[in-house]
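Colleague: Sequence plus predicted model, see below.
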Amino acid sequence: MTAAISRSGARRGDRLRALAERPADQHGVTVQTRVADLADPGDLAELAGMAAAAEPDLLVNNAGFAGYREFCDVGPTVVSDLIAVHVMALARLARAAIPAMVARGSGGDHQRGIRSGLQRLRASAATAVVSCPDRVVLERV
């Protein structure tokens, strides 16, 4: 089994490697990790290429961050980054990994949603905007 993991700690290679060791040691699976900024189109393209080439049995997409501020105080760059990470990266990585799973007739895609975006807090309004796509992808694919 090969698993590709995209995690919110993706900027910290040491944390990714430690996370990958557990399933590798406990279940004898190959886990590939990559340090990436999913708001950066180049990093996203590289990671999507890696996911497609690896033909993983499981894609774990836990990447994310939240824009905790009053909605009117969230700057346009934060909104763009929220959309890039939570919508574009989610779709691109799923699209890269899932075709091999469909062709094989097996595989899985785990998307971690942003639970804070589902809370009724004024400071999580910007995060709520990007909280639904991951649920939609999981339910439809």
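Modeller: Great, that's in hand.
Colleague: Lowest-scoring secondary structure element of the protein by mean pLDDT?
Modeller: The helix or strand of the chain with the poorest confidence is strand 2-7; it has a mean of 43 (mean pLDDT, DSSP states H and E).
Colleague: what ranges do the helices span in the protein?
Modeller: Secondary structure of the chain (DSSP state H): helices located at 13-27, 41-54, 76-83, 89-104, 125-129, 132-140.
Colleague: Any buried residues in the third one, and which?
Modeller: Within helix 76-83, the residues that count as buried by 16 or more other C-beta atoms under 10 Å are Val78, Asp81, Leu82, Ile83. In this view, the C-beta of every residue, glycine as well, is placed from N, C-alpha and C.
Colleague: you'd agree the second one is up against Asp37?
Modeller: No: if you go by C-beta atoms under 8 Å, Asp81 and Asp37 don't touch, sitting 9.2 Å apart.
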